[in-house]
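Trainee: Need a 3D model of the sequence below.
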Amino acid sequence: MNMGICTYAYVHLFPRNASAMDAYLVSFVVIGVAALAMAWLPTWFKEVPFSYAMLFVLVGYLLYKLPLGLPEPDPLRENELALRLSELCVIITLMGTGIKINRRFSFFSWQVPLRLVSWTMLLCIGTLAWLAWEYLGFPVASAVLLAAALAPTDPVLASDVQVGPPSEEVEDAPRFALTAEAGLNDGMAFPFTWLAIALALHGLAPEDWLGHWLSYDLLYRIGVGVGVGYLLGRVLAFLLFELPKRGKFPKTNDGFVAISATLLVYGLTEMVHGYGFIAVFLAGLTIKHQEKDYSYHRELHDFTDQIERLLVVVVLMLLGGSLARGLLDALTWQGALVSIGFLLLVRPLAGYIGLLGVPVRTREKWAISFFGIRGIGSIFYLAFALSKARFENPEEIWAVAGFTILLSIFLHGVLATPIMRHLDRVRTPNDFIDPHKAKQGMVEEETEFSAPDSKEAKE
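Mentor: The predicted model follows:
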C-alpha cells in the first residue's frame, strides 16, 4: 500500500517531462518579475535618457543565453507566435492611442499627421524599397515588404514622444503629430504589405495584380476600416454614455470595456476584410470625442495601458532572445548601413519635406521628422506577409528589419527625453497651430498648478 502511494506521488509530482514543466514555470516567473517591474520602470526612466524597451531587450538577450528552456523566440521558426502576439499588442495600443488624443478631427488641425501618413510614408517606402533593391540585392517583392514594414511609426514603443492620458490640455505639435501618426499609419502601411505579397505571388506583371490591389487592398479595405471604426465607435459611445442617461440602462465605469471594444471592432472589421488597425484607432478616437467624460476616458486608457505593458514586456524579451539566437546572423554591412541611413537620413528628410508649408516651428518639424520610431508594428507586418506568401530571402529581411528596430529602440530611447524636454522649455503659445487656444490653456495650467490633479494631468 505504501509502495503504491509512493509510486503514485512520484509519477505525478515528478513527471517524465519535468524539464518541460520547469521551463513552463520559469517562463511564468520571468514574465511575472518583468511585468512587476513595469509598475515602476516608466516612472523611473521618465527623467533619464534611457527607456524600459532598451532594458527588456537586454534582459531577453541575457536570459536566452542561459539554459533555461524558454520558448523559441526566433520569428523565422515561430512565425505564428510573432504574428499573433504583435497583432494583439498593436490593436490594444491603438485603442488607447485613439482615446488619449484630445484634439478633435479637422483637416486643418490634423494636417501634420495627415501629411506624415501620406507624403512622408510614400517617400519612406519608395526610398527604402529602392535602397534594398539597388544596394542589398533584394528581389522587388522583398524590397517592398521591408519598406512597408519599416515605414510606419510604431504606436507601442513611442510613448516617450506621445501625448499623455486623456485630459483637456492643448497638445503640442510634436507629441500630437507623433501620436496621431502612430495611430493612423499602422493601418495605412497595410496596402503596401499586400502589394509585396501580390508581387511575391504573381510577379512583376501589373496586369496580374494591379487592378485588384488598387480596388480591393487599397480603396475597399481602407474605406471599410474607416467606416466600421467610426460606426462602431458611435455605437459603443451610445451604449456607454447616452443610453444610461435616457433610461434605466446601467452605467459602467469598468476599464476592461476598452479591451472588449478593441477585440469587437478588430474582429468585425477583419471579418468584412477591412483594415482592423484603422478601425480600432478610429473607434477609440470616436468614443473619446462623443462624450466629455474625462474620468472614464482615463479609466479606459489606463486599462489598455496596463495590458499593453504586460504584452510589451513579453515581445521585447522575445526580441532580445531572437537576437541571442541569431536573428542578425544574415545581416551584412550594407544592410546595416541601409538601416542607419534610413533612421538618420531618409525618415528625417522625408518627414521634413512632408511638413513643408505647415504652421509649425522648424525645430518642432525636425523633432517630428526624426522620431519615426520602429518597433512592434514592423514585427507584425513581416510575420503577416511571410505567412501569406513565400519570399526568397526571409533571413535577410528579418536581419535588416531586426537591426533597424534594435537601433531605433536604443537611438530614440536615448534621445527622446532630452529633446522633448528641450522643446518644452523653449515652446511658446505661438508654436501651436491655434496660438490663442494654446495661450488660454497655458494660463489655466499655471493658475491651477498647485492642485495635485492638475499637476498630474499636465505630466
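
Trainee: Where do the helices of the stretch 201-350 of the chain begin and end?
Mentor: Residue ranges of the helices in the stretch 201-350 of the chain, as given by DSSP state H, counting those that start in this stretch, are 210-212, 221-237, 243-246, 257-271, 276-290, 294-324, 333-341, 347-354.

Trainee: mind giving me TSV with those helices and columns for mean neighbour count and distance to R115?
Mentor: Glycine gets a C-beta too; all of them are placed from N, C-alpha and C. Putting those into TSV (neighbours: other C-beta atoms under 10 Å; distance: least, C-beta to C-beta, whole Å) gives the following:
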stretch	mean neighbour count	distance to R115
helix 210-212	12	26
helix 221-237	20	17
helix 243-246	11	38
helix 257-271	19	25
helix 276-290	27	17
helix 294-324	21	26
helix 333-341	17	22
helix 347-354	21	5
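
Trainee: Which one of those helices lies nearest to A401?
Mentor: Closest to A401 of these is helix 333-341 (C-beta to C-beta; 8.5 Å).

Trainee: Run through the stretch 1-150 of the chain and note the low-pLDDT ranges.
Mentor: Where the stretch 1-150 of the chain drops to pLDDT under 70, the residues are 1-21.

Trainee: go on, the stretch 301-450 of the chain?
Mentor: In the stretch 301-450 of the chain, residues with pLDDT under 70: 429-450.

Trainee: picking up where we left off before, possible to save the helices of the stretch 201-350 of the chain as TSV with distance to L145?
Mentor: Putting these into TSV (distance: least, C-beta to C-beta, whole Å) gives the following:
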stretch	distance to L145
helix 210-212	17
helix 221-237	17
helix 243-246	45
helix 257-271	20
helix 276-290	17
helix 294-324	18
helix 333-341	14
helix 347-354	18
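
Trainee: just so I know, which of those helices lies nearest E395?
Mentor: Per C-beta to C-beta, nearest to E395 of the helices of the stretch 201-350 of the chain: helix 333-341, 11.0 Å.

Trainee: Could you quantify the relative orientation of the helix or strand encompassing R84 and helix 276-290 as an angle?
Mentor: In the assignment (DSSP states H and E), R84 maps to helix 79-100. Inter-element angle recorded for helix 79-100 and helix 276-290: 20 degrees (by axes from the mean of the first three to the mean of the last three C-alpha atoms, to 10 degrees).

Trainee: Remind me what helix 79-100 packs against, helices and strands.
Mentor: Using 3 or more C-beta pairs under 8 Å, 6 or more residues apart in numbering; DSSP states H and E, the elements in contact with helix 79-100 are helix 173-188, helix 257-271, helix 276-290, helix 294-324, helix 376-388.

Trainee: what's the closest of the ones you listed to F370?
Mentor: helix 173-188 (9.6 Å).

Trainee: Mean confidence (pLDDT) on the closest one, please.
Mentor: The average of the pLDDT scores along helix 173-188 is 87.

Trainee: That one: how far from the chain's middle?
Mentor: 10 Å (C-alpha atoms, centre = their mean, to the nearest Å).

Trainee: Please enumerate residues in contact with whatever helix or strand comes next after the helix holding R84?
Mentor: Scanning forward in sequence from helix 79-100 by DSSP H and E, the next helix or strand is helix 111-115. Helix 111-115 is contacted from outside by 107, 173, 176-177, 180-181, 184, 354-355, 358, 360, 368, 433, using C-beta atoms under 8 Å, 6 or more residues apart in numbering.

Trainee: ok, 10 Å please
Mentor: 101, 103, 105, 107, 120-121, 153, 173-174, 176-185, 351, 353-360, 364-365, 368, 433 (C-beta atoms under 10 Å, 6 or more residues apart in numbering).

Trainee: picking that back up, of all the helices of the stretch 201-350 of the chain, which one is nearest W398?
Mentor: helix 294-324 (8.4 Å).

Trainee: Nearest spatial neighbour of T404, chain-adjacent residues omitted?
Mentor: S339 (4.2 Å; C-beta to C-beta, 6 or more residues apart in numbering).

Trainee: Which residues are in contact with the one you found?
Mentor: 128, 131, 146, 150, 331, 374, 399-408.

Trainee: Next: L423.
Mentor: 161, 172-175, 361, 363-364, 367, 431.

Trainee: Recalculate using a threshold of 8 Å.
Mentor: 172, 174, 363-364, 367.

Trainee: Also L184?
Mentor: 113-114, 117, 278, 281.

Trainee: Go ahead and confirm L116 touches M188.
Mentor: No: using C-beta atoms under 8 Å, L116 is not in contact with M188, being 9.7 Å away.

Trainee: So for the two, which sits in the more crowded spot?
Mentor: L116 (28 against 21; other C-beta atoms under 10 Å).

Trainee: do you know how far the more buried one is from A189?
Mentor: 12 Å (C-beta to C-beta, to the nearest Å).

Trainee: what's the distance between H422 and P359?
Mentor: 21 Å.

Trainee: From one end of stretch 182-196 to the other, what's the distance?
Mentor: By C-alpha to C-alpha, to the nearest Å, the extent of stretch 182-196 from end to end equals 21 Å.

Trainee: what helix or strand does L415 sit in?
Mentor: helix 394-426.
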